[in-house]
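Visitor: next one to model:
(2 chains)
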Amino acid sequence: MKASRLMAVVGLAGAVIGSGGAVAHAQGSAAVLQQRAALMKQQAADLGVIHAYLTGKAPQAKAVVAAAGLTNTTRKIPDLFPKGSGGTSPDGKFAAKPLIWSDWQGFLAAQGNAVQKAFALSAAVKTGDKKKIGAAFADLGKNGCGGCHSKFREQK
Amino acid sequence: MLFSAAPAAFAADRAVVARGAYLTNAADCVTCHTDVAHRGKPYAGGRAIATPFGTFYSPNITPDPKTGIGRWTEAQFLHALHDGIRADGANLFPAMPYPSFTKITDGDARAIWAYMQTLPAVRQPNRPPELPFPLSWRPLQTIWKWLFFAPGRFRSTPGRSAAWNRGAYLVLALAHCGECHTPRNFLGAMQQSRFLAGTRHGPNGDKVPNITSDPKSGIGSWNVSDIVALLTDGQTPGFDFIGGTMAEVVNSTSRLTEADRRAIAVYLKTVPPLATAERK
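Guide: Numbering: from 1, shown residues only, chains lettered A, B, ... in the order given. This is a model prediction of the structure:
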């Protein structure tokens, strides 16, 4: 192929990929919002299982699995907040504040805090000491989840 | 004699101050009267509170004699809480929730005053509100009060439990929930017919939820324990954990006794249900 034709093909390919990338990014935003909402709902479900264990309605084994799940999902949170993915949740109830990206370090700190508390809860659940578990549960919820929501989540 | 007061008197004073500290937390004075966003000192004021009429800046209520309320008397403090009148005789704007605080008992108001005397004095001048004239003209508030304000202490409802009455007092007077959760008319007065039904035009443009007992728009499907869990840890029945301004409120409600949080819940369960129309 002649160099000029190669350049033309490369240029064309680049334009196609570039525009396709833009489309994918817009679609990606909607997908990211779905995934974000799904992760948060999964976390609520896992918290529910641990709460059920605390009130004698679920076995410890299930709570152990749920707590392990929380250590995983809290770690995934930054991946679900790529740049430009601000917007309202699919159920229309909440929105991610732009502060997340203007204070990304603060956001990561809040997330890291939640991860730590998720691990603490996971350790507590394994001991079976319900008083300890209750305290760790409240700490994760109020200060971990709530600590991030109070700064970075808007209620619509 | 240097120490002329009997030890019992000191103990009584300390008890009043301790009670005042508890009540001041219940009324959550510190949240409005501290400029957290700019690392302001507690109770020294300066926090911006945006409303549809303009922006208010909370005043300094530390005992500083020059810029705070250090020269006020106890009677003047009660007059401010109960009647919305400053020590210099000027009207307060209802951004200060005196329409709710008017219900605080005299004894409780005095205990709050006793506690406030113990706060560190902070020298910080007050910032006037940003209101368009004539709204900024304080004497006009006398007409607002004539139209919308009825001073008076809380009265128990006979036939209701002690817990219900305690909850009613906390909600209506000290914690002043209605000041955020009740929609306001065009002149900024709470619409009591829509008590706790929420609003899209809350302080700082926040959407404030409906907390009446309506099962769909409000918290009618919540039981007493659910409400207590929210006031303790910000936890909802679906295991969400709230954010926003209410999270700041939970900082203070979490410091109430369990009995007081239950009392609030018992009372809230009986608030008449009001549906909110869904807006798309």
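Visitor: count the residues that sit near the residue nearest to B:Val250 when sequence neighbours are not counted.
Guide: Sequence neighbours aside, B:Gly234 is the residue nearest to B:Val250 in space, at 4.6 Å (criterion: Cβ to Cβ, 6 or more residues apart in numbering or on different chains). From N, CA and C alone the C-beta is placed, and that goes for glycine too. Per other Cβ atoms under 10 Å in any protein chain shown, the neighbour tally for B:Gly234 reads 28.
Visitor: how about the residues of chain A near chain B?
Guide: Applying Cβ under 8 Å from any Cβ of the partner chain, one finds that chain A approaches chain B through A:40, A:43-45, A:47-48, A:51, A:138, A:141-142, A:144-146, A:148-156.
Visitor: try 7 Å
Guide: A:44, A:47-48, A:51, A:138, A:141-142, A:145-146, A:149-150, A:153, A:155-156 (Cβ under 7 Å from any Cβ of the partner chain).
Visitor: for B:His79, give me its contacts.
Guide: B:Ile85 (Cβ atoms under 7 Å, 6 or more residues apart in numbering or on different chains).
Visitor: ugh, wrong one, I meant B:Tyr115
Guide: B:Tyr115 neighbours (Cβ under 7 Å, 6+ apart): B:Val17, B:Gly20, B:Ala21, B:Thr24.
Visitor: which residues of chain B score low on pLDDT?
Guide: B:1-6, B:278-280 (pLDDT under 70).
Visitor: average pLDDT for the helix or strand harbouring A:Gly48?
Guide: Take DSSP states H and E as the rule and A:Gly48 turns out to sit in helix A:3-54. Mean per-residue pLDDT for helix A:3-54: 73.
Visitor: and the contacts of the helix or strand just after it?
Guide: Later in the chain than helix A:3-54, the nearest helix or strand by DSSP H and E is helix A:60-76. Applying Cβ under 7 Å, 6+ apart, the contact partners of helix A:60-76 are A:39, A:42-43, A:46, A:49-50, A:53, A:111, A:114-115, A:118-119, A:121-122, A:125-126, A:128.
Visitor: give me the number of residues near B:Leu231?
Guide: 23.
Visitor: excluding residues flanking it in the chain, which one is nearest the residue of chain A found nearest chain B?
Guide: Of all residues in chain A, the one sitting closest to chain B is A:His149 (3.0 Å; Cβ to the nearest Cβ). The spatially closest residue to A:His149, leaving aside those adjacent along the chain, is B:Gly243, at 3.0 Å (Cβ to Cβ, 6+ apart).
Visitor: go ahead and confirm that neighbour touches A:Gly147.
Guide: No: B:Gly243 lies out of contact with A:Gly147 (Cβ atoms under 7 Å); the separation is 8.7 Å.
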